[in-house]
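Engineer: Turn this into a structure:
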Amino acid sequence: MPRLVMKFGGTSVANVDRIRNVARHVAREVAAGYDVAVVVSAMSGKTNELVGWVKDANGLYDEAEYDAVVASGEQVTSGLLAIALQKDGIKARSWQGWQVPIETSAAHGSARIAGIDSTRLDRGFERGEVAVISGFQGLHPETGRITTLGRGGSDTSAVAVAAAIGAERCDIYTDVDGVYTTDPRIVPKAKRMERVTFEEMLEMASLGAKVLQVRSVELAMVHRVPTTVRSSFDPPDAARPGTLICDEDDIVEQQIITGIAFAKDEAQITLRSVKDSPGVAAAIFGPLADANINVDMIIQTVSGDQSTTDMTFTVPEADYERTRTILDQQRETIGYGQIEGATEVVKVSAIGVGMRSHAGVAAKAFRALAQKGINIRAITTSEIKFSVLIDAAYTELAVRTLHSLYGLDQA
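Structural biologist: Residues are numbered from 1 along each chain as shown. As a prediction, the model looks like this:
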């Protein structure tokens, strides 16, 4: 029979009543003739509670023991869902990540999946069982220790399982009914998209859209796993189709711009009067890389006499103070005049594979923003997106302007 992976997040399994509702969604797909694997998150708020307990016990905690504690939330959910399915007359058993096994690297708290042996799951399907798998967790084979995949890791677990068992698709159930052209709370006219490409979804996830975890989209794209975002709060007998994330070839009509994303957790750093000589960029960004600080937008402006340059770049707002401290320590090595910074900034991005074949798409946006009196601090572009850094006060105006400019209000 065809195989299907269904993933349910924390809000979808927040209590026993919602777990019963999830069981009805699963029963629908079993009745449709699928072998089903379900990947579940911990109940909403449970992981934060567990993390709090770890920190209360010891602020300088052992990372392996941290994983042993926080992985328990998914274990509870998988067991409860298996019990709920059994009550409805459906064969089911729960699987922990180490039982499958889902093998990972040894990076506790942020492990990466190395491989999945689906043999045990295959045998369960042969027995007519639904496999209920604890997301977010795995096993490092050499140490035999439980690992966790980082926040949003259950999405990654689900896509990886779908690839391993050769699933027809992976359905990600959340508290929204699909992927929208932008945040409906900012633009009430935002539309749910029927289909979006892997590349576009990857850009949207990395640029501020919170629907899917970035690594899950990467896996789906690499393994070509069609992935659907759906709502678990739809009635199980009247569930809407959601948004399908798929290959570009599977989309008949493609708009130039598909969606507008924004990220508020940005900070801007500017180094003035930097010596314009070989090795300066390495002196700036090398120490930041060593400190695992992700640098995004970079703009360099050379002076008229080409002796000095101004270097502007962005970092996550959470790393702003740490970045300034590192640069202060490297001042003599870098040789800059002064350092300036801003945290009240936002990155607004327009994404669409149609940009590959259309000229002037970004220029059109720059004119529209200028007409609204919005100053652009920095710009980055790629083949299918462009991003602008603006003052946070203009976020809603900029998002609405671009959403209307590219006709997404009528999408």
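Engineer: okay, CA-based contacts and neighbour counts for the rest of this
Structural biologist: OK.
Engineer: State the mean pLDDT of the strand or helix carrying residue 266.
Structural biologist: Element membership for residue 266 (DSSP states H and E) is strand 259-275. Averaged across strand 259-275, the pLDDT comes to 92.
Engineer: quick one: whatever helix or strand comes next after it to strand 259-275, angle?
Structural biologist: Downstream of strand 259-275, the next assigned helix or strand under DSSP H and E is helix 280-290. Relative orientation of helix 280-290 versus strand 259-275 (axes from the mean of the first three to the mean of the last three Cα atoms, to 10 degrees): 120 degrees.
Engineer: what sits up against the next helix-or-strand element following helix 280-290?
Structural biologist: The element immediately downstream of helix 280-290 (helix or strand, assigned by DSSP H and E) is strand 298-302. Strand 298-302 is contacted by residues 276, 308-314, 378-380 when judged by Cα atoms under 8 Å, 6 or more residues apart in numbering.
Engineer: How far does strand 298-302 sit from its chain's centre?
Structural biologist: 29 Å (Cα atoms, centre = their mean, to the nearest Å).
Engineer: Would you mark the buried spots in that strand?
Structural biologist: residue 298 (16 or more other Cα atoms under 10 Å).
Engineer: re the thing from before, and the strand holding residue 266, what does it pack onto?
Structural biologist: helix 198-206, strand 308-316, strand 338-351, helix 395-405 (3 or more Cα pairs under 8 Å, 6 or more residues apart in numbering; DSSP states H and E).
Engineer: rewinding a little: just put the contacts of strand 298-302 in CSV and tack on distance to residue 251 and neighbour count.
Structural biologist: What follows is those, written out as CSV (distance: Cα to Cα, whole Å; neighbours: other Cα atoms under 10 Å):
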residue, distance to residue 251, neighbour count
276, 47, 18
308, 49, 19
309, 45, 20
310, 43, 20
311, 41, 20
312, 38, 20
313, 36, 19
314, 34, 24
378, 32, 17
379, 29, 18
380, 27, 14
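Engineer: Return the member of these nearest to residue 59.
Structural biologist: residue 314 (30.1 Å; Cα to Cα).
Engineer: looking at the helices and strands packed on strand 259-275, which is buried most?
Structural biologist: Compared across these, helix 198-206 shows the largest average neighbour count, a mean of 22 (mean count of other Cα atoms under 10 Å).
Engineer: Now do that helix against strand 259-275, angle only.
Structural biologist: In terms of direction (the same axes, to 10 degrees), helix 198-206 departs from strand 259-275 by 70 degrees.
Engineer: the helices in the chain, which residues?
Structural biologist: Under the criterion DSSP state H, the chain contains helices at 16-31, 46-57, 63-70, 72-87, 119-126, 153-165, 198-206, 214-223, 280-290, 320-329, 331-334, 361-371, 395-405.
Engineer: Mind putting these into TSV with mean pLDDT?
Structural biologist: As requested, the helices of the chain are exported to TSV (pLDDT from 0 to 100):
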stretch	mean pLDDT
helix 16-31	97
helix 46-57	95
helix 63-70	95
helix 72-87	97
helix 119-126	97
helix 153-165	96
helix 198-206	89
helix 214-223	93
helix 280-290	92
helix 320-329	94
helix 331-334	89
helix 361-371	94
helix 395-405	96
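Engineer: now for the ones you listed, which one comes closest to residue 101?
Structural biologist: Of all the helices of the chain, the one in closest proximity to residue 101, counting by Cα to Cα, is helix 119-126 (8.6 Å).
Engineer: Packing partners of that closest one?
Structural biologist: So helix 119-126, by 3+ Cα pairs under 8 Å, 6+ apart, packs with strand 130-134.
Engineer: Just checking: what are the partner strands of the strand it packs on?
Structural biologist: strand 35-40 (parallel), strand 92-95 (parallel) (DSSP bridges).
Engineer: any idea how far the first one is from the chain center?
Structural biologist: On the basis of Cα atoms, centre = their mean, strand 35-40 sits 21 Å off its chain's mean C-alpha point.
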